[in-house]
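**Q** sequence isn't available, so here's the structure alone:
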């Protein structure tokens, strides 16, 4: 079965590369046993659910959560990269997430994908950033998709409004640009003040973003940018 699966990946990757299609990204999203699932059930022992989005400091925050789970009675659920669960409303579970400027997040994800051959979308990134943006689902308004619980549909105003409504009722939103201070405030909820914040996956090869790249990222993430601005200004109403 493993050989067959790898053959299919190679086959669809070849088609995508030559015919400019997006078969493999869709297969990755729909067949993953851990990622992009919106129907996961979390047991009653967990009070919180962490919504972890690529390139937002989630690995670091997961390590902090592990310490909280070890040192307090409160339990926080950490899955893979999954949206809100349709089985748990914000009124039932306390949701947490980390938000980063969408342009910075997407550009960082592109650079990671470009420089790491093990990344699932490396084959898209090595062509160019414009190809990556067009065919990588995680580079297109992923905030709105994750916070509306729907990663399959193309983003529209209804999904945007639902994402905004849900995010307004999140228990905690960590600002990536104020990560350490926001995490420390979060830890105070559990009377924990002696955890070292490790900063995982920060050794990324960086470069300046060009004007053309900036325009392209904004084009594919217009809803996320609007949502992020409303969070920054405290205007999620």
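**A** Yes, it's here. Just so you know, these numbers come straight off a predicted model, no measurement behind them.
**Q** quick one, what contacts the residue most central in space within the chain?
**A** Most central in the chain under Cα atoms, centre = their mean is residue 53, positioned 1.5 Å from the mean C-alpha point. When contacts are counted by Cβ atoms under 8 Å, 6 or more residues apart in numbering, residue 53 is found next to 81, 97, 98, 105, 142, 143, 146. No exception for glycine: its C-beta is placed from N, CA and C like everyone else's.
**Q** what's the closest non-adjacent residue to the second one?
**A** Of all residues not flanking residue 97 in the chain, residue 51 sits nearest, at 4.3 Å (Cβ to Cβ, 6 or more residues apart in numbering).
**Q** go on, the last one?
**A** Here the nearest residue to residue 146 in space, its sequence neighbours aside, is residue 83; by Cβ to Cβ, 6+ apart that works out to 3.8 Å.
**Q** just the fifth one next, same as before
**A** Counting by Cβ to Cβ, 6+ apart, the nearest residue to residue 142 once its immediate chain neighbours are dropped is residue 53, at 6.0 Å.
**Q** relative to residue 221, how far out is that neighbour?
**A** Distance, residue 53 to residue 221, by Cβ to Cβ, to the nearest Å: 12 Å.
**Q** how about residue 149?
**A** Taking Cβ to Cβ, one finds residue 149 at 19 Å from residue 221.
**Q** who's more crowded, the two?
**A** residue 221 (24 against 21; other Cβ atoms under 10 Å).
**Q** quick one: residues contacting that one.
**A** 102, 103, 106, 139, 140, 141.
**Q** next, the last one: phi, psi?
**A** In terms of degrees, to the nearest 10, the main-chain angles of residue 141 are phi 50, psi 40.
**Q** likewise for the fourth one?
**A** For residue 139, the backbone dihedrals are phi -110, psi 20 (criterion: degrees, to the nearest 10).
**Q** in which helix or strand does residue 61 reside?
**A** Counting by DSSP states H and E, the element that carries residue 61 is helix 58-71.
**Q** and the pLDDT at the nearest residue to residue 122 once chain neighbours are set aside?
**A** Using Cβ to Cβ, 6+ apart and skipping residues adjacent in sequence, the residue nearest residue 122 is residue 113, 5.4 Å away. Note on residue 113: pLDDT of 95.
**Q** tell me the buried residues in the helix or strand where residue 113 lies?
**A** If you go by DSSP H and E, residue 113 is part of helix 102-115. Neighbour counts over helix 102-115 (16 or more other Cβ atoms under 10 Å) mark 102, 103, 105, 106, 107, 108, 109, 110, 111, 112, 113, 114 as buried.
**Q** before we move on, the earlier item: report the buried members of the contacts of residue 53.
**A** Among the contacts of residue 53, those classed as buried by 16+ other Cβ under 10 Å are 81, 97, 98, 105, 142, 143, 146.
**Q** of those residues, closest to residue 174?
**A** Ranked by distance to residue 174 (Cβ to Cβ), those are led by residue 98 at 4.2 Å.
**Q** just the helices in the protein please.
**A** For the chain, the helices defined by DSSP state H occupy 2-19, 23-31, 58-71, 102-115, 122-125, 129-135, 142-148, 157-168, 179-188, 211-220, 222-232.
**Q** nearest to residue 38, out of those?
**A** Among these, the nearest to residue 38 by Cβ to Cβ is helix 142-148 (8.7 Å).
**Q** report the separation between residue 47 and residue 192.
**A** Per Cβ to Cβ, residue 47 is found 15 Å from residue 192.
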